[in-house]
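Colleague: Curious how this folds, go ahead:
(one chain, ligands or ions: 1)
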Amino acid sequence: MIDTHAHLSRWDVYDHADELVREARREGLLAIINVTMRLNEVGNALSLVSRYGGFVYTALGYDYGGFDIREVQEIMRVINERRNLIVGIGEVGLDYSVVRDRMLREISRHIFTKWIMLARDLDLPLIIHSRDAEDDVIKLLSRYGPVKCVMHAFNGSKEQVMKLLELGCYFSIPPTITRSRQKRDLAMMLPLNRILLESDTPELGPSPGEVSRPVHIKVTLTELSSILNINVTELSNIIVENTLSVFQLGKR
Ligand SMILES: [Zn+2]
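Modeller: Model (predicted):
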């Protein structure tokens, strides 16, 4: 099992990140992919990679609700410079439930487009957050791709899922699948070779209000195994293969 989406370098998580990593190892996880949303997380993220090389990997990204172009440029500079230490770009994306102003939405599309082009140029997977913006995400991916893409905690429609599958996207399923009908329906729609696991530590825990931890991907795996009626070990192997093929872990 590999957690493809955890915010370990975030200011409120980083203090106990070591504990979370130890627990994940003890519980048999094979790796964790950290994601970032701010420039001030980059130092923590790279430090985790150097402390836990071969177990913690990192993607670097930028807040879908942020508009600081200079911060974006600086993060892009680090990605280019430290390309060999980075396994993806994210999380990035569009969130129209947070960004309501028309002009600001335009700017967030402009920034997202730059991320797509960078991911394409560097051949890195793009970890995408999308809320109420799925049609624009699809439009921009089609226009500026092709890119390897991972839709994180996706809650769009079936039609949108089908379009994203055509574009080659993978979908990472969070622990909220235990209490979300929509996530169960999503899992049933997906071909097995496009499913990934994510904890979204600390956000999307298995019970309401519960802080998520990387080990919670085990809960997701068990739930998926019962929904899809596939043996846990077999399913786990398939999902690990999927993860390795998108993120090329250990091959850089
Ligand atoms: Zn996240």
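Colleague: The stretch 51-200 of the chain against the ion: which residues are in contact?
Modeller: Residues of the stretch 51-200 of the chain that fall close to the ion, judged by Cβ under 5 Å from the ion: 91, 200. Backbone N, C-alpha and C define where each C-beta goes, glycine included.
Colleague: ranges for the helices of the stretch 51-200 of the chain?
Modeller: Remark: helices assigned in the stretch 51-200 of the chain by DSSP state H, counting those that start in this stretch are 69-81, 102-122, 134-144, 158-166, 181-189.
Colleague: So for L30, which of these sits nearest?
Modeller: The closest of these to L30 is helix 181-189. By Cβ to Cβ, the value is 20.8 Å.
Colleague: before we move on, the earlier item: can you add mean pLDDT and mean neighbour count and give the helices of the stretch 51-200 of the chain back as JSON lines?
Modeller: Compiled in JSON lines, the helices of the stretch 51-200 of the chain are given as follows (pLDDT from 0 to 100; neighbours: other Cβ atoms under 10 Å):
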{"stretch": "helix 69-81", "mean pLDDT": "98", "mean neighbour count": "15"}
{"stretch": "helix 102-122", "mean pLDDT": "98", "mean neighbour count": "17"}
{"stretch": "helix 134-144", "mean pLDDT": "98", "mean neighbour count": "17"}
{"stretch": "helix 158-166", "mean pLDDT": "98", "mean neighbour count": "15"}
{"stretch": "helix 181-189", "mean pLDDT": "96", "mean neighbour count": "15"}
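Colleague: Name every strand pairing with the longest strand seen in the chain and say which way it goes.
Modeller: Ranked by number of residues, the top strand in the chain under DSSP state E is strand 86-95. With DSSP bridges as the test, strand 86-95 is paired with strand 56-60 (parallel), strand 126-131 (parallel).
Colleague: quick one on the thing from earlier: please produce JSON lines containing the helices of the stretch 51-200 of the chain, extended by distance to L235.
Modeller: Below are the helices of the stretch 51-200 of the chain laid out as JSON lines (distance: least, Cβ to Cβ, whole Å):
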{"stretch": "helix 69-81", "distance to L235": "33"}
{"stretch": "helix 102-122", "distance to L235": "28"}
{"stretch": "helix 134-144", "distance to L235": "27"}
{"stretch": "helix 158-166", "distance to L235": "19"}
{"stretch": "helix 181-189", "distance to L235": "11"}
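Colleague: The strands paired with strand 86-95 into CSV, with extra columns for mean neighbour count and mean pLDDT?
Modeller: Shown next, in CSV, are the strands paired with strand 86-95 (neighbours: other Cβ atoms under 10 Å; pLDDT from 0 to 100):
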stretch, mean neighbour count, mean pLDDT
strand 56-60, 26, 98
strand 126-131, 26, 98
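Colleague: Turn those strands into a markdown table, including distance to I32.
Modeller: Listed next are the strands paired with strand 86-95 as a markdown table, based on distance: least, Cβ to Cβ, whole Å:
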| stretch | distance to I32 |
| --- | --- |
| strand 56-60 | 5 |
| strand 126-131 | 13 |
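Colleague: Quick one: closest of these to K158.
Modeller: Closest to K158 of the strands paired with strand 86-95, according to Cβ to Cβ: strand 126-131, at 14.9 Å.
Colleague: For that closest one, C-alpha coordinates in CSV please.
Modeller: This file holds the C-alpha atoms of strand 126-131, laid out as CSV (Å, rounded to 0.1, in the frame of the first residue of the first chain):
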residue,chain,number,x,y,z
LEU,A,126,0.0,16.3,-11.9
ILE,A,127,-2.0,15.8,-8.7
ILE,A,128,-5.3,17.7,-9.2
HIS,A,129,-7.8,19.2,-6.8
SER,A,130,-11.1,20.1,-8.5
ARG,A,131,-14.3,21.5,-6.9
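Colleague: just the angle between it and helix 158-166, please?
Modeller: 170 degrees (axes from the mean of the first three to the mean of the last three Cα atoms, to 10 degrees).
Colleague: what residues does strand 126-131 touch?
Modeller: With Cβ atoms under 8 Å, 6 or more residues apart in numbering as the test, strand 126-131 has contacts from 4-5, 35, 59, 61, 64, 88-98, 115-116, 119, 137, 147-156, 169, 172.
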